[in-house]
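Engineer: Pasting the sequence and the predicted coordinates here, then a few questions.
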Amino acid sequence: MSETTSKSTSARRPATQAARASAPAPRGREPQARLTPQMAWLLAAPHTWPASILPVLVACACAYATTGALSVTMACTLLVICVLMQSAVNTLNDYFDYVKGTDSEEDNVDPSDAVLVYNDVNPASALRLALGMLAAAFALGIYPIVQAGWIPLVIALVGALIVFLYSGGKTPISYLPIGELVSGFVMGGLIPLACYQVLTGSLDWRALAWAVPTVIGIGLIMLTNNTCDIEKDVAAQRKTLAVLLGRARAVRLYHALMYAWVAAVIVIVGVWFTGGLVVMPFMLLAVYPIAKALRSNPLANPARIGAMAQICSLNVALGAFYAAAVLASRGMTLMI
C-alpha cells in the first residue's frame with residue numbers, strides 16, 4: 001500500500017521533465033493550479049499496480065485450479081476494484097505526506113514522485129481524487145457482493161479502514177515498524193482471500209496459505225522503500241522497521257525474505273499444485289538475474305529508483321510464474 005510502492009521510476013521520464021518545469025509550490029500561500037489528468041495519473045502511480053494485480057491473478061489461478069472454472073467477468077471486476085484501491089492508497093499517501101510536510105523539494109529525487117510539491121496543486125484536489133477512487137471501487141463492489149454475499153464486503157471494509165490508517169490519523173501505520181506486515185497482509189493476503197471467496201463461493205482459509213508469496217513480495221516493496229529512505233524517515237521521526245534495525249540489519253532481513261519468498265512459491269506448488277512443479281525451473285532461471293541485481297543493490301537513497309524498479313520486476317516475475325504453475329496443475333476452462 002503504498003509507499004508500499006514508491007512512485008519513482010524511469011518509465012515516466014517525459015512526465016518528470018514536464019513536472020520539473022514547474023517550480024515547487026511555496027508553502028506560505030494557497031496552491032493555485034488545477035489537478036490535471038496527467039497529475040492524477042502520476043498520483044495513481046500505475047507502475048505500482050502489480051501490487052494489486054498480482055494478488056488477484058494468484059487468486060484467479062487458485063480458484064480455477066480448485067474448481068475447474070473461472071468467471072472472466074467477475075475476475076475483471078475484481079481486478080478493477082483492486083487497482084482503484086491501490087491508486088487511492090498512493091494518492092492518499094502523497095496527500096498526507098504533503099500536508100504533514102514530510103515531502104519537500106529537497107528530498108525528492110524525481111519531481112514525478114512528489115506531484116503536490118512540484119505542481120502548485122491544492123492538496124484538497126488530491127484528497128477528493130482519492131475519495132472518488134474509493135467510492136468507485138465500492139460502487140463496483142456491489143456486483144461481487146450481490147453474487148457472493150456479505151463476506152467480501154466485510155473484508156473490503158477492513159481493507160478500507162487500514163487504507164486510511166496507513167497514511168492518515170495521528171500516528172499513521174506507515175510511520176510504525178509494522179508497515180511492511182500490514183501492507184503485505186492486507187494487499188497480499190486479504191485481497192486473494194476475498195477474491196477467492198467471490199470466485200468460488202467458498203471462504204477457504206487455505207487461500208491465505210496460498211497467498212504467503214504475495215504477502216512477502218508486497219511487504220518487500222515497502223521494505224525496499226523504507227530501507228532506502230532511512231535518513232529521510234529519521235528526520236521525519238518515522239519509526240519504520242528499517243529505521244529501528246539500521247541499514248545493515250535491514251538489508252540482511254531483506255535478503256532472507258527474498259529467499260523465503262522463492263522457497264514459499266516452490267513449497268506451495270509442491271504441496272497443493274504438484275502438477276505445476278514443471279514450471280519451477282523456468283521460474284528460477286527467469287528471476288535469477290533480477291534477484292542477483294537486487295541483492296547487489298545497497299538499498300541506499302541514491303539507489304532508490306533502481307531498487308524500486310527491481311523489486312517491482314521481481315514481484316511481476318515471481319507472481320506470474322507462480323500463477324502459471326498453479327494453472328499448469330490443471331487444464332483451462334473459462335466461462336463468461
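Structural biologist: Arrived safely. Residues are numbered from 1 along each chain as shown.
Engineer: Next up, identify which helix or strand the residue positioned nearest the centre of the chain is on.
Structural biologist: Nearest to the mean C-alpha position of the chain, counting by Cα atoms, centre = their mean, stands residue 51 at 3.3 Å. Take DSSP states H and E as the rule and residue 51 turns out to sit in helix 50-67.
Engineer: Also residue 41?
Structural biologist: Residue 41 is located in helix 37-44, with elements delineated by DSSP H and E.
Engineer: circling back to that earlier point, report all helices and strands that the helix holding residue 51 contacts.
Structural biologist: helix 72-99, helix 191-200, helix 206-210, helix 212-228, helix 304-328 (3 or more Cβ pairs under 8 Å, 6 or more residues apart in numbering; DSSP states H and E). No exception for glycine: its C-beta is placed from N, CA and C like everyone else's.
Engineer: now the longest one and helix 191-200, what's the angle there?
Structural biologist: Helix 72-99 and helix 191-200 are oriented at 150 degrees to each other (axes from the mean of the first three to the mean of the last three Cα atoms, to 10 degrees).
Engineer: Next secondary structure after the strand or helix carrying residue 259?
Structural biologist: Using DSSP H and E, the element containing residue 259 is helix 247-272. Per DSSP H and E, the first helix or strand lying C-terminal to helix 247-272 is helix 280-296.
Engineer: and that following helix, what other elements does it pack with?
Structural biologist: Against helix 280-296 (3+ Cβ pairs under 8 Å, 6+ apart) you get helix 247-272, helix 304-328.
Engineer: remind me which residues of the stretch 201-336 of the chain are low pLDDT?
Structural biologist: For the stretch 201-336 of the chain, the stretches with pLDDT under 70 are 331-336.
Engineer: again, only this time at 50
Structural biologist: Applying pLDDT under 50 to the stretch 201-336 of the chain picks out residues 332-336.
Engineer: Please name whichever of the helices and strands packed on helix 50-67 is nearest to residue 263.
Structural biologist: helix 212-228 (9.4 Å; Cβ to Cβ).
Engineer: Show me what counts as buried in the helix or strand just after the closest one.
Structural biologist: Using DSSP H and E, the helix or strand that follows helix 212-228 in sequence is helix 230-235. Going by neighbour count (16 or more other Cβ atoms under 10 Å), the buried part of helix 230-235 is 230, 232, 233.
Engineer: Against which helices or strands is helix 230-235 packed?
Structural biologist: Against helix 230-235 (3+ Cβ pairs under 8 Å, 6+ apart) you get helix 241-245.
Engineer: what residues does the helix it packs on touch?
Structural biologist: 177-180, 223, 226-227, 229-230, 233-234, 250, 253 (Cβ atoms under 8 Å, 6 or more residues apart in numbering).
Engineer: before we move on, back to that, report the buried residues of the helix holding residue 41.
Structural biologist: Across helix 37-44, burial judged by 16+ other Cβ under 10 Å covers 39, 40, 42, 43, 44.
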